[in-house]
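Q: this is a predicted model, with the sequence first.
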Amino acid sequence: MRIHNKHGDRIDPVPFVVTVGLAFMLALSFGPIYGLAYGLTLTTSLALSTLAFAGAAALAYDQLVRAAPAIDAGPLPPGPRFERLLYAALGLGVVLVALTLPLL
């Protein structure tokens, strides 16, 4: 599979595929259950979970495919790598806290 960024350079699709797979797993395994816990119907819960997955997939495409540097661009400097790791950890923390809300 040949995937290109906005500059036409080939990029590695693996981070995008893994991120979309995790988004699918989280959105469509936890979403309907928590939607039912909040009193929504199953149809509404599935629709909202699918919308959440589609939004996460679009965001992942924008960040990991369209705006990605080329493979031969070399490694990122440590500053931006640490910043991305910090934002990813904060995002995962927000998701985990959000998953515990119906339990309160």
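A: Good, I have the coordinates. As the structure is a computational prediction, the values presented were derived from the model and not from experiment.
Q: what residues go with each domain of this structure?
A: Under automatic domain parsing, the residue ranges defining each domain of the chain are 1-73, 74-104.
Q: go through those domains and pick out the most buried.
A: Most buried of the domains of the chain by mean neighbour count (mean count of other C-beta atoms under 10 Å) is domain 1-73; its value is a mean of 14. Yep, even glycine has a C-beta here, placed from its N, CA and C like the rest.
Q: give me the below-cutoff pLDDT ranges for this protein.
A: Scanning the chain for pLDDT under 70 picks out the ranges 1, 102-104.
Q: give me the distance from stretch 36-52 to the chain's centre.
A: The gap between where stretch 36-52 is centred and where its chain is centred comes out at 19 Å by C-alpha atoms, centre = their mean, to the nearest Å.
Q: export it as CSV, just CAs?
A: C-alpha atoms of stretch 36-52 as CSV (Å, rounded to 0.1, in the frame of the first residue of the first chain):
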residue,chain,number,x,y,z
LEU,A,36,-26.8,2.4,27.4
ALA,A,37,-25.6,3.3,31.0
TYR,A,38,-26.5,6.9,30.3
GLY,A,39,-30.0,5.9,29.1
LEU,A,40,-29.6,6.1,25.4
THR,A,41,-31.1,3.5,23.0
LEU,A,42,-28.8,1.0,21.5
THR,A,43,-29.2,2.5,18.0
THR,A,44,-28.3,6.0,19.3
SER,A,45,-25.3,4.5,21.3
LEU,A,46,-24.0,2.7,18.2
ALA,A,47,-24.5,5.8,16.0
LEU,A,48,-22.6,8.0,18.5
SER,A,49,-19.8,5.5,18.8
THR,A,50,-19.5,5.3,15.1
LEU,A,51,-19.3,9.1,14.9
ALA,A,52,-16.6,9.1,17.6
